[in-house]
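**Student:** Here's a sequence, model it:
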Amino acid sequence: MDEIDETNEMKNKKNIRGILLVALSAASFGFIPVFAKIAYSAGTSTYTLLFLRFLVATVFMFVFLLVKKLPLPTKKEMLIFFLLGAIGYAGESFCYFTALNYASSSTVALLFYTYPALVMLGSAAVFKEKITIKKAISLCLALVGAFVIIGTKFSASVIGIILALLSAVFYSVYILISSKVVKEDQGIQSSAFIILGAMVVYGIFSIFVGFEPPTQLKGLIAVILIAIGCFLGAFYWYGDNWTIGCISCFHIRARCNGNFFGYNSFRSAHSKFDNRRFIGCRFLSCNHVAK
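**Tutor:** Model prediction:
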């Protein structure tokens, strides 16, 4: 009995740590549109930005992997992870960062965060996961809150909207596949090869399209911060698809805080109230996770 209690306690601590790490990663991810705008203003292109982002992240991940002396995946697993990054993660990143050129960062972020709904529907359709009434109501409340924040400030062209929604689709498929092919103890290893796959894709694009690095120091710093923010903590823990999608939506709160850097996409007379309403809905949807 004591061993069972100890095991349950360790599992609970792991879940709590995982929730905090995913939330931290989401908060960091929330500032990515701000840093991307800075990098673009410093003269870099979308392909070069994404290549540098994944290059920095790849170096960090493999150094971390070597320092920790973690076992490498099998060759088959390496190939799966590589393709997951080269197709899924690279596709999501391209659509997301390109959409920033055709829509405001707030609009792109909020359209991208329709992906929890896509993940929930995909999990039910493909993996037969149960959609509870509580999950459905909470998701609806959160999505309504998100669009209330946008209000009449929906600043985007048609192509920007399409690209933002495509990024959500790519990311949903990425989550669904990775939840089945990545083992619980392979978070760091899988992340390393997934990011490597995305880096190779954008490295090839940069060769043909042209390499345009930032011409100012602020742009280089922005690229480094984007690389750090894209993977911070999230790969340490794997819960159910709904839980990860739910917690990661705290990115929107961080995105709102990013307005203090001068990108006031969310600013309006009622934006603070609407933002709190959205976060309140998100707390409701996450309430079952803590229990």
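**Student:** Where does the prediction get shaky in the stretch 101-250 of the chain?
**Tutor:** Scanning the stretch 101-250 of the chain for pLDDT under 70 picks out the ranges 142, 145-155, 229-250.
**Student:** Recalculate using a threshold of 80.
**Tutor:** Judged by pLDDT under 80, the stretch 101-250 of the chain has its weakly predicted residues at 105-106, 109-110, 113, 131, 134-136, 138-156, 184-185, 187, 228-250.
**Student:** what ranges do the strands span in the stretch 151-291 of the chain?
**Tutor:** With DSSP state E, counting those that start in this stretch as the definition, the stretch 151-291 of the chain shows no strands.
**Student:** now the helices: where do they sit in it?
**Tutor:** According to DSSP state H, counting those that start in this stretch, the stretch 151-291 of the chain carries its helices in the segments 158-181, 187-209, 217-229, 241-248, 251-257, 271-290.
**Student:** other SSEs contacting the second one?
**Tutor:** Counting contacts by 3 or more C-beta pairs under 8 Å, 6 or more residues apart in numbering; DSSP states H and E, helix 187-209 packs against helix 46-68, helix 75-83, helix 90-99. For glycine as for every other residue, the C-beta is placed from the backbone atoms N, C-alpha and C.
**Student:** roughly how far apart are L83 and K68?
**Tutor:** 24 Å (C-beta to C-beta, to the nearest Å).
**Student:** higher neighbour count, these two?
**Tutor:** In terms of neighbours (other C-beta atoms under 10 Å), L83 is the more surrounded of L83 and K68; the figures are 14 against 9.
**Student:** Would you reformat the helices and strands packed on helix 187-209 as a markdown table and include distance to L217 and mean pLDDT?
**Tutor:** As requested, the helices and strands packed on helix 187-209 are exported to a markdown table (distance: least, C-beta to C-beta, whole Å; pLDDT from 0 to 100):
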| stretch | distance to L217 | mean pLDDT |
| --- | --- | --- |
| helix 46-68 | 14 | 90 |
| helix 75-83 | 33 | 94 |
| helix 90-99 | 21 | 92 |
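**Student:** how about these, which one is nearest I228?
**Tutor:** Closest of the helices and strands packed on helix 187-209 to I228 is helix 46-68, at 7.6 Å (criterion: C-beta to C-beta).
**Student:** tell me the angle the closest one makes with helix 217-229.
**Tutor:** Counting by axes from the mean of the first three to the mean of the last three C-alpha atoms, to 10 degrees, helix 46-68 points 50 degrees away from the direction of helix 217-229.
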